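S.K.: The sequence isn't on hand, but the structure is:
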């Protein structure tokens, strides 16, 4: 069966520090991969999605970036964090090549910027 | 742009009653609508998908309806239990790869 792993679960970082969040998927090949951010009590905001290795689409201009170095690995990064980057970050995958597929989420990373 | 609207107010119901949550969308009718459950501090979990040519879809105590005339989907939980308390999200694809979520409706089932 397919599983998705996200880490770390919680992270406290000072303003201006770098960020690297990692997400890996097991049990499937060539998935579509997604990064979302969820502010407290708010909906999910799509940040990036990827349909293949090295293919990244950005939805919101900001100081975050994403990379997909391997088929089932998706990384969210920042060179300098801002206070506004605080939030709940979620990684998700769906079956590639087919439209309207359900998305399957990891358990998220709670990021607090001090 | 496509929008998904859900009642932002929490829904409080008594155990054993049927909970009904509403999802409204704008612009063209989506081919599919999806429903997810999210518990505090966790990622959303997929529950049901309904196609535009399906009036109704069931899974155990869950039922989803899709009314393309009203541009609305209703999500029902029958014989609700305190364990059903969570936030429920409605979503539709905007194009091929982007899933647009509503803000979700929080359901609280009281014993």
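M.R.: Perfect, I can see it now. What you see is a predicted model; the values in this text were computed from it and never measured. Numbering: from 1, shown residues only, chains lettered A, B, ... in the order given.
S.K.: Spell out which parts of chain B neighbour chain A.
M.R.: Counting by Cβ under 8 Å from any Cβ of the partner chain, chain B comes close to chain A at B:31-32, B:34, B:41-46, B:49, B:89, B:93, B:96-104. C-beta: built from backbone N, CA, C; applies to glycine.
S.K.: Contacts for stretch B:87-97, please.
M.R.: Contacts to stretch B:87-97, defined as Cβ atoms under 8 Å, 6 or more residues apart in numbering or on different chains, come from residues A:32, A:43-44, A:49, A:51, A:57, A:99-100, B:1-2, B:4, B:6, B:21, B:23, B:25, B:30-39, B:44, B:47, B:73, B:75, B:99-102, B:104-107.
S.K.: ok, and the closest non-adjacent residue to the residue of chain B found nearest chain A?
M.R.: Nearest residue of chain B to chain A, counting by Cβ to the nearest Cβ: residue B:43, 3.0 Å away. Residue nearest to residue B:43 in three dimensions, not counting chain neighbours: residue A:105, with 3.0 Å by Cβ to Cβ, 6 or more residues apart in numbering or on different chains.
S.K.: same question, residue B:19
M.R.: Per Cβ to Cβ, 6+ apart, closest to residue B:19 is residue B:77, 4.4 Å.
S.K.: show me what contacts that neighbour?
M.R.: Neighbours of residue B:77 in contact, by Cβ under 8 Å, 6+ apart: B:18-19, B:61-62, B:84, B:107.
S.K.: cool, residue B:47 as well?
M.R.: With the criterion set at Cβ under 8 Å, 6+ apart, residue B:47 makes contact with B:34-37, B:59, B:62, B:88.
S.K.: Could you do residue A:54 as well?
M.R.: Applying Cβ under 8 Å, 6+ apart to residue A:54 gives the contacts A:68-69.
S.K.: what secondary structure does the residue sitting nearest the centre point of chain A sit in?
M.R.: By Cα atoms, centre = their mean, chain A has its centre lying nearest to residue A:35, at 2.9 Å. For residue A:35, the secondary structure call by DSSP: H, G, I helix; E, B strand; the rest coil comes out as strand.
S.K.: Quick check: it vs chain B, distance?
M.R.: Look at residue A:35 and chain B: by Cβ to the nearest Cβ, to the nearest Å, they are 12 Å apart.
S.K.: Tell me the span between the first and last residue of stretch B:37-48.
M.R.: End-to-end span of stretch B:37-48 (Cα to Cα, to the nearest Å): 10 Å.
S.K.: Buried residues, it. List them.
M.R.: If you call a residue buried by 16 or more other Cβ atoms under 10 Å in any protein chain shown, then stretch B:37-48 has these buried ones: B:37-38, B:43-44, B:46-48.
S.K.: farthest pair in the residues you listed?
M.R.: B:43 and B:48 (17.0 Å; Cβ to Cβ).
S.K.: Residues in a beta bridge with the residue of chain A found nearest chain B, which ones?
M.R.: Of all residues in chain A, the one sitting closest to chain B is residue A:105 (3.0 Å; Cβ to the nearest Cβ). With DSSP bridges applied, residue A:105 shows beta-bridge pairing to residue A:92.
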